[in-house]
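Q: got a sequence here, can you model it:
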Amino acid sequence: MERDELTGLLIDILIGRSFQDIQLLLLKYREQTYGRSLLADINNGVRNQELRYALSVSLQHSIRDPLVPINQMLIQRDVSDITTLLRSGDATAIFNIFLRRTDSHILAIGMSYGMVNLDRDIDKSNSLSNTAKKVLLHALRTAYNIPYRDAILLNESMGGSSTFRVGNDDKLSIRACRMHWARDTWNCTKLEYANITGKDFARKMGRRSGTFGALMGALASL
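A: Presented below is the predicted three-dimensional model:
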């Protein structure tokens, strides 16, 4: 699989996860690699500096207690900072907002900025790298609506994104396999896919040929 596809899957797996998810991932990784640290392997193995920083922050889960009430003054300051940072392209500084705040705080930022506008401004930024855009959009869409986020990821895997245009069957199959286990969310994801694309995901997958088509058709119909 190409490096860009691996980047996308690392973001899928590690960005926007709960504290409990992160702790379990760290534990299982250590068990299955005979004592290795996932954080150390990320720091040693990921060449892209922006991605390495983003994943490291997520694995350390430097996020405030989700039970702490939302600070409206901090939200307004974050919105102002994001507006400036999107122009400057300072990805690390924006990561420190999106990856160190709770989902409820990020959602409040989006509502104050304008969720559609913030999503668009990140996606269309001329100052941010594609990697930074992927991280930020994943964090934002996780806080906003997970089925919507996942529907866009499926669409991107088939080349339907406004930013990332090349489809990839490996990424599509991995994403569909990961998503289908959460059955209620999976059903909502397929509905969101139809809303976004105007197409039925199961019917589209059913037209694929061969073993891959059989696999995708089965996953899509669950």
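
Q: just give the closest residue to residue 202, not the sequence neighbours.
A: residue 220 (3.9 Å; CB to CB, 6 or more residues apart in numbering). The C-beta positions use only the backbone N, C-alpha and C, and glycine is treated the same way.

Q: in this structure that neighbour contacts residue 205, no?
A: Yes: when contacts are counted by CB atoms under 8 Å, residue 220 is listed as touching residue 205 (4.0 Å).

Q: could you measure from the residue nearest to residue 202 over to residue 172?
A: Going from residue 220 to residue 172 by CB to CB, to the nearest Å gives 11 Å.

Q: what about the residue nearest to residue 139 when sequence neighbours are not counted, distance to residue 20?
A: Closest residue in space to residue 139, ignoring its immediate chain neighbours: residue 98 at 4.3 Å, by CB to CB, 6+ apart. Per CB to CB, residue 98 is found 20 Å from residue 20.

Q: in terms of neighbours, single out the busier of the two.
A: A direct count of neighbours by other CB atoms under 10 Å for residue 98 and residue 20 places residue 98 higher, at 25 against 9.

Q: thought that one was touching residue 105?
A: No: using CB under 8 Å, residue 98 is not in contact with residue 105, being 9.7 Å away.

Q: tell me, what's touching the two both at once?
A: Common contact partners of residue 98 and residue 105 (CB atoms under 8 Å, 6 or more residues apart in numbering): none.

Q: which stretches in the protein count as helices?
A: For the chain, the helices defined by DSSP state H occupy 3-14, 19-32, 38-45, 49-60, 72-88, 91-98, 103-113, 115-123, 130-144, 146-157, 169-180, 183-197, 201-206, 210-221.

Q: so can I have CSV of the ones you listed showing mean pLDDT?
A: Formatted as CSV, the helices of the chain follow (pLDDT from 0 to 100):
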stretch, mean pLDDT
helix 3-14, 83
helix 19-32, 92
helix 38-45, 93
helix 49-60, 94
helix 72-88, 95
helix 91-98, 96
helix 103-113, 95
helix 115-123, 96
helix 130-144, 96
helix 146-157, 94
helix 169-180, 90
helix 183-197, 94
helix 201-206, 89
helix 210-221, 86
